[in-house]
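>>> The following block contains a protein sequence and its predicted model.
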Amino acid sequence: MAAPQQKLEADGEKQNDGYTTDTESLVHSSDPLHPANHISDLCRRFYSLGWVTGTGGGVSIRHGNHIFLAPSGVQKEMMQPTDMFVMDFHTREYLRRPRALKPSACTPLFMAAYTHRHAGCCIHTHSQWAVLITLICEAGLQNSAERNVFAIKEIEQIKGISRGGSGSDEIAEGGRKVGNLGYYDTMKIPIIENTAHEEDLKGALERAIEEWPEACAVLVRRHGVYVWGKDVAQAKTQAESLDYSFQLAVEMHKMGMKWV
């Protein structure tokens, strides 16, 4: 029989640094919508879409005062609930930190969405369509005056985008969501420059959030996109709507059509 200290180590628990077996309850639940389970499921789904190829990209969910974060360096299609990091929203301290894994470099970017947009979920993808959009804009091939923003209008799918990313779900007459963009609105997503280290994007992303109050996402040049929503359903809907719009815009560009 293993000694108490050996048993703790075998279970992956730490005895002297503030982590106890109580923290394991944070990631164990039979509810498929529990954040630890939900993130694992979303990572597998996004892998199948090509959004999180390799170990790139990530997902985070805020649940009350707890922030659940997918780890860095783990194959997304093999993600398990026990791989999750859990952070206290107010103190920014990790309540649960798997010893064999590294925290996501996306964490400061996710926290920016939670802090500045009161988001409940943030998704980061490495979608090829998102990357291509930033390259087309960088080259000034659609509008030479707007190389740092993707803009498109009169496309039905933009009606799935809320103003600010976490707008109202109030339904107006005719079934229109009051907080969402309309068909004749122009959807604009800011583009920031990439950096060698992901965490160094924090300042630029926060400035973009402040300067573009109606944006639900921020594109990162030659890298991907960060999308948020008031909850998982809204963030996922907007990530899907945006990726549809990015792909459509690339195909429109190939045919010589303008986005606006």
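That came through, no problem.

>>> Now for the chain: which helix has the highest residue count?
helix 232-254 (DSSP state H).

>>> now what about that one, what contacts it?
Applying Cβ atoms under 8 Å, 6 or more residues apart in numbering, the set of residues contacting helix 232-254 from outside is 33, 38, 42, 49, 51, 61, 119-123, 125, 127, 129-130, 132-133, 136, 141-142, 150, 152, 155, 157-158, 160-162, 165-166, 187, 189, 216-217, 225, 227-229, 258-259. All C-beta atoms are positioned from the backbone trio N, CA, C, and that covers glycine.

>>> Would you list the buried entries among these?
Among these, those classed as buried by 16 or more other Cβ atoms under 10 Å are 38, 42, 51, 61, 119-123, 125, 127, 129-130, 132-133, 136, 142, 150, 152, 155, 157-158, 160-162, 165-166, 187, 189, 216-217, 225, 227-229, 259.

>>> what residues are up against T53?
Taking Cβ under 8 Å, 6+ apart, one finds 47, 126 in contact with T53.

>>> again with K202
Listed by Cβ under 8 Å, 6+ apart, the contact set of K202 reads 108-109, 112.

>>> Same question for G54.
G54 is in contact with Q75, counting by Cβ under 8 Å, 6+ apart.

>>> Which pLDDT value belongs to it?
Per-residue confidence at G54 stands at 89 (pLDDT).

>>> any idea how far it is from H90?
From G54 across to H90, the span is 33 Å (Cβ to Cβ, to the nearest Å).

>>> for V52, same thing?
Using Cβ to Cβ, V52 is found at 29 Å from H90.
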